[in-house]
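Novice: with the sequence up front, the predicted model follows.
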Amino acid sequence: MTADSEIELKEAFQRAQKGHNNRAKLVASLKSRYNRLEDKTLFHEEFVHYLKYAMIVYKREPAVENVIEFVAKFATSFQPPPNTDDEQQQNEEEEEDEEDDDDHPFLSFIFNFLLASHKASSHAVRFRACQLINKLLGSMAENAQIDDDLFDRIHQAMLVRVTDKFPNVRIQAALAMTRLQQPKDPDCPTINAYLLILENDSNAEVRRAVLSCIAMSPLTLPKVLKRTRDIKENVRKLAYQVLADKVHIKALTIAQRVGLLQQGLHDTAESVREVVCSRLLPAWLLRLDGDVIELLHRLDVENCAETAMETLKTVFKTTPTEELLQNRGQLDNRKVIPVDSVTCENVLYWRALCEFLKDKGDDGEEMLEQVLPDASTYADYLSGFLKAVPNLQEDQKADYNQLELVMTKEFISQQLIHLIGCLDTNEEGGRKRVLAVLQEMLVLPETPSSMVSLLTEKFLALIPDDPRRIQAVAEIISDVREPITVSSQPVDENESRRQQVQLAEVKVRIMEANQALEDCIAAQDFSRAAELKDSIADLEDQRNEVLQKISGINQPADKEVRIEKNDPETLLRCLTMFAELLKQLNIKTRTGPTISALMSSLVLPSIANAHPAVRNMAVVCLGTCTLHSKELAKTHLVLLLQIAQLDEVKIRISALRAIIDLLLLFGFQLLSPAQTAQSPDKQDGDAAAAEDKGDSPEDTSQSILGMLSEFLDSEVSDLRTVAAEGLAKLMYTGRISSAKMLSRLVLLWYNPVTEDDTHLRHCLGTFFQLYACSSRAHQEVVEESFLPTVRTLLNAPATSPLAEVDVNNVVELLVELTRPSVLIKPSANTEEVCVHDYLAVRMCGEMLKDPTAPEVRLYAKALSNLELSREETLRQDLTTLLQQLVQVVKDRVCLRALEKMLHQLVDSEEQAEVQNASALQPLDVNADEVAAEPAAEDPSKSAKRPKRGQRKACPAKGGRRPSRRDESSEESDGENVPESVPAVRPSRRAKTAALAKTKLDLNPLINQEANVS
């Protein structure tokens, strides 16, 4: 037994604890000893005896982990090596089945022992049993086989353990079932258990364990995709890694691919974004042979252009510059994509590449010149493409193919327009050419309406100052709305006939005069002949005039005139350009004559237009324009208020946003002077008075707040969201300060009706945190809203959605928001009364009103979570209130919580007195620890120790929560740590001993057992 090739079991377990030992050599030596034994029962019993020392240790000690690894390798070493020859495997299959029990008695014995131990009362034993089963199954060869009965027993045991109370046990059980799952079976219990864990397990590490081992199938893929939106960063990160490694891009739908990129690239955690950039995208490109254009085909860029742009720029960041320039092979010698080969994918790639190089600044300027032409060339290219976009008639819009073609052309046109921002427009000639093309396209009636806003934006970006922008847009609007047309008058038949008669009369008179002239010449009456000659000349002139009139009537001249167009399409085009102009103007730019003329001639008449789209754009223009003029805002505020209540939903939303923007910019001083005197906003947060005291109904400020409050109850989710977002902005900026309104927002956030309104939930969730941590005054508003909010929830009828809200969760939120430690700039004065002090008094007063009410337990629990200040007067008042409560409250749970808090207050006062009396008092901490054993021996002394105060109350609070964390941690739950007297602060010697425990050695326990035996 002492030969080099063999080793004793005890020595093997001792050496296995050391990480530097050659585990394979150790396994081979012990296996040699095992094979020489005829009766292996004693070996099995002795092996399990030493294994139990490791299995009772819950903490992940290196020595214990080494022993577990050694046991797994030794148990699986009896299996035959992996055999890849299928024919030989089939020939030996029956023989292996027959000799299974004889060939692997030790492995079967270990499995039976572990399966018998998995139900142990000790969570450490359950944890190690599941861990060993996981190690054993994982160490087996890929083509290894086990008995069907053993398979079923392992399966059933692990299905039980994945519901264990302790997360570490659930983790190991989930990992152990990795090789037991059958993805092709829709009713596989392992898969079903995994899916249940992913959906419902509260521990993030358990969800991560399942993600790491779950097999991909059509059933499991949606659940894995859902984990990319998990609340924990590590779970989301692992979900993306699993999708990158196990799921082909073709197995995902377009919506799933786009959703993964949208969420991943915008994730709040840097590590998750890094995984998407470094793992997911490269994996997809690898499966597409590195073809970026093919990746764009898989994303449907027409419906997710922004996501595709971000994806391309992410890919460009990891691509060498030389390779980027090599991929510009689709450009011709003019550095543009030929018109006949332009597609949505390659034009988006071109735009993304140009913008990426443009963002690099001077470093990318030279490379940008290689992929983008000069401004004049590009302007001609853009003009030719835009003019070729077909304009469908009403009857053609029914043809889906024609409609799809036009939509594709419009998408390409939009990307080409975006590329204008990358052009070098410093050269005057090129900039003028681009401006001329953009102006021509804006005036052209055939230009699609979907491109007007983008064309206007790029047009204004090329004009440096606001006055020139206003003048240029006003001229374009004039040309669009009042185009120059040529008009021709119809021929007047009566006038033509009258002129013909007059011409005939003149001709007759001329003939008569000529005859008289001839007679006078024959009679040699030369004076009369001279007179007749002059009259004939006059008649000739009259005939010529009549002839000209006749020709003018028969051939009317065309005249250029301006005719105002008021059709919805023209008005919408003009309003869109005007709205874009107002957006681009500096907020300090005041309205001049040109803007005032456009307001009176275009915007205000369009407010009453029958077409909803025209009215909506007019409201947008009106709201944006009023931001530039306080007087204009005062004039049209009432109109916006009426529109917000009476028009269609989309138009009401636009008006509501305009009203909120005006209040954010100008405040409630926007109202008339008489109303301003009663306004809730005094620029210093006095809005709570007007809101809570309820001024006269005629007060406009009250009307506005009342309207916004009514919108919070609207059945239209968009209106509700805009109103809530607006109120949150007004409260955060200090325009209003109202506990009642904050309570409404909290109730709206928790209301199940808004569960599907993601934007509203996200907006309010962010607002509450920012609002509470920004200032002490805001926390006071939250504290003031505490009781009204809780009362509303407690008194909600059973038919109300608020009856489903967890009141405990709401109370926890409000307590956390009012915690002094969350303030960005906390007060340096620790003696100052904090918001939690006032909140504690409010809750005590509420409990005293009705000590038998069910909510008393809720308030008692909340009291124990407050951070109270050290202000003596308030602590005395609170102590008095708690003493009164202890006398009247009958509920045992509440009574224990109140007594505990009362002891903490008394102890803290005594502690403060002791600290003030002697600076050497902290030395008594060690004395308390030394006196622990004598106190334990004397029951009377130990019973009196809690009355000494300060050292016993604090440990009760501080020593309770860490034990819960320990139970669910990866390290230890303290089951094997000897029970000790609780202390506030351990001594330095105790800390040294605790550090030494991290190097646990099983040898003393083994030797102690050997000596006893």
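Specialist: In hand now; what should we look at? Because the structure is a prediction, the values reported are computed rather than measured.

Novice: can you give me the strands in the chain?
Specialist: In the chain, the strands defined using DSSP state E lie at 484-487, 559-562.

Novice: let me know the average pLDDT across the last one.
Specialist: So the one you mean is strand 559-562. What strand 559-562 shows for mean pLDDT is 60.

Novice: where along the stretch 501-650 of the chain do the helices fall?
Specialist: 526-554, 568-584, 593-598, 604-607, 612-626, 630-646, 649-666 (DSSP state H, counting those that start in this stretch).

Novice: just the stretch 251-400 of the chain next, same as before
Specialist: So, for the stretch 251-400 of the chain - with DSSP H, counting those that start in this stretch - the helices run 254-265, 270-275, 281-287, 292-297, 305-317, 321-326, 344-359, 362-371, 375-387, 400-418.

Novice: contacts for the fifth one, please.
Specialist: Looking back up the chat, that one is helix 305-317. Defining contact as C-beta atoms under 8 Å, 6 or more residues apart in numbering, one finds that helix 305-317 is touched by 258, 261-262, 265, 276-277, 281, 285, 292, 295-296, 299, 301, 324, 348-349, 351-353, 355-356, 411, 415. Every residue, glycine included, has its C-beta placed from N, CA and C.

Novice: 7 Å - rerun?
Specialist: Outside helix 305-317, the residues that touch it by C-beta atoms under 7 Å, 6 or more residues apart in numbering are 258, 261-262, 265, 277, 281, 292, 296, 299, 301, 324, 348-349, 352-353, 356.

Novice: out of those residues, which comes closest to residue 749?
Specialist: Distance to residue 749, by C-beta to C-beta, is smallest for residue 262 among the contacts of helix 305-317, at 23.9 Å.

Novice: next one, pLDDT for the closest one please.
Specialist: With respect to pLDDT, residue 262 has a value of 93.

Novice: look up how far residue 850 lies from it.
Specialist: From residue 262 across to residue 850, the span is 51 Å (C-beta to C-beta, to the nearest Å).

Novice: neighbour-wise, which of these two wins?
Specialist: Neighbours around residue 262 and residue 850, counted as other C-beta atoms under 10 Å, are more numerous at residue 262. The numbers are 15 against 11.

Novice: which residue sits closest to that one, ignoring its sequence neighbours?
Specialist: Among residues not flanking residue 262 along the chain, residue 307 sits closest, at 5.2 Å (C-beta to C-beta, 6 or more residues apart in numbering).

Novice: what's the burial count for that neighbour?
Specialist: By other C-beta under 10 Å, 20 other residues sit near residue 307.

Novice: now the one 5 residues further on
Specialist: Applying other C-beta under 10 Å, we find 23 residues neighbouring residue 312.

Novice: for residue 670, which of the helices of the stretch 251-400 of the chain is the nearest?
Specialist: Across the helices of the stretch 251-400 of the chain, residue 670 has its closest neighbour in helix 305-317 (35.6 Å, C-beta to C-beta).

Novice: could you check the angle that closest one makes with helix 344-359?
Specialist: 60 degrees (axes from the mean of the first three to the mean of the last three C-alpha atoms, to 10 degrees).

Novice: identify each buried residue in helix 305-317, please.
Specialist: Within helix 305-317, the residues that count as buried by 16 or more other C-beta atoms under 10 Å are 305, 307-312, 314-316.

Novice: using JSON lines, lay out the residues you listed together with pLDDT and distance to residue 765.
Specialist: Output for these, formatted as JSON lines (pLDDT from 0 to 100; distance: C-beta to C-beta, whole Å):
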{"residue": "305", "pLDDT": "90", "distance to residue 765": "29"}
{"residue": "307", "pLDDT": "93", "distance to residue 765": "24"}
{"residue": "308", "pLDDT": "93", "distance to residue 765": "29"}
{"residue": "309", "pLDDT": "93", "distance to residue 765": "28"}
{"residue": "310", "pLDDT": "93", "distance to residue 765": "24"}
{"residue": "311", "pLDDT": "94", "distance to residue 765": "28"}
{"residue": "312", "pLDDT": "93", "distance to residue 765": "32"}
{"residue": "314", "pLDDT": "92", "distance to residue 765": "27"}
{"residue": "315", "pLDDT": "92", "distance to residue 765": "32"}
{"residue": "316", "pLDDT": "91", "distance to residue 765": "34"}
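
Novice: looking at the helices of the stretch 501-650 of the chain, which is buried most?
Specialist: Stretch with highest mean neighbour count among the helices of the stretch 501-650 of the chain: helix 612-626 (a mean of 24; mean count of other C-beta atoms under 10 Å).

Novice: tell me the mean pLDDT for it?
Specialist: On average, the pLDDT along helix 612-626 is 94.

Novice: now swap in stretch 146-163 and tell me
Specialist: In the prediction, stretch 146-163 has an average pLDDT of 88.

Novice: show me the shaky parts of the protein.
Specialist: 1-7, 21, 81-104, 327-329, 393-397, 484-492, 552-562, 671-699, 827-832, 907-1013 (pLDDT under 70).

Novice: can you list the domains in it?
Specialist: What the TED database lists as the domains of the chain is 9-79+103-180, 463-485+562-672, 493-553, 714-826, 830-913.

Novice: could you dump those domains to a markdown table with distance to residue 435?
Specialist: Shown next, in a markdown table, are these (distance: least, C-beta to C-beta, whole Å):
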| stretch | distance to residue 435 |
| --- | --- |
| domain 9-79+103-180 | 65 |
| domain 463-485+562-672 | 8 |
| domain 493-553 | 42 |
| domain 714-826 | 37 |
| domain 830-913 | 59 |
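
Novice: how about these, which one is nearest residue 390?
Specialist: Closest approach to residue 390 among these (C-beta to C-beta): domain 463-485+562-672, 16.5 Å.

Novice: mind listing the helices for the stretch 1-150 of the chain?
Specialist: Along the stretch 1-150 of the chain, counting by DSSP H, counting those that start in this stretch, helices occupy 9-16, 23-36, 41-55, 62-76, 86-98, 100-103, 105-117, 123-139, 148-161.

Novice: give me whichever of those helices is most buried.
Specialist: Comparing these by mean neighbour count (mean count of other C-beta under 10 Å), helix 123-139 ranks first with a mean of 23.

Novice: relative to helix 148-161, how tilted is that one?
Specialist: Between helix 123-139 and helix 148-161, the angle comes out at 140 degrees (the same axes, to 10 degrees).

Novice: and for helix 123-139, what's in contact with it?
Specialist: Under C-beta under 7 Å, 6+ apart, the answer for helix 123-139 is 54-58, 68-69, 71-73, 75-76, 110, 114, 117-118, 120, 154, 158, 161, 164, 166, 168-169, 172-173, 175-176, 179, 973, 975-976.

Novice: now swap in stretch 536-551 and tell me
Specialist: Applying C-beta under 7 Å, 6+ apart, the contact partners of stretch 536-551 are 496, 499-500, 502-503, 506-507, 509-510, 513-514, 517.

Novice: nearest to residue 820, of the buried residues of helix 305-317?
Specialist: residue 310 (40.3 Å).

Novice: quick one: that closest one from residue 266, how far?
Specialist: Distance from residue 310 to residue 266, by C-beta to C-beta: 8 Å.

Novice: run through the residues that contact residue 839.
Specialist: 783, 786, 818, 866 are the contacts of residue 839 under C-beta under 7 Å, 6+ apart.

Novice: reformat the buried residues of helix 305-317 as TSV; add distance to residue 720.
Specialist: Below are the buried residues of helix 305-317 laid out as TSV (distance: C-beta to C-beta, whole Å):
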residue	distance to residue 720
305	29
307	28
308	32
309	32
310	30
311	33
312	37
314	36
315	40
316	41
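
Novice: which one of those is nearest residue 586?
Specialist: residue 309 (28.0 Å).

Novice: picking up where we left off before, let's see the PyMOL selection covering just the buried ones among the contacts of stretch 536-551.
Specialist: Here is the PyMOL selection string for the buried members of these, based on 16+ other C-beta under 10 Å:
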select buried, resi 499+502+503+506+509+510+513+517
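
Novice: for the contacts of stretch 536-551, which one is nearest residue 822?
Specialist: Closest to residue 822, out of all of these and judged by C-beta to C-beta, is residue 496, at 92.6 Å.

Novice: what's the spacing between residue 256 and residue 113?
Specialist: Per C-beta to C-beta, residue 256 is found 45 Å from residue 113.
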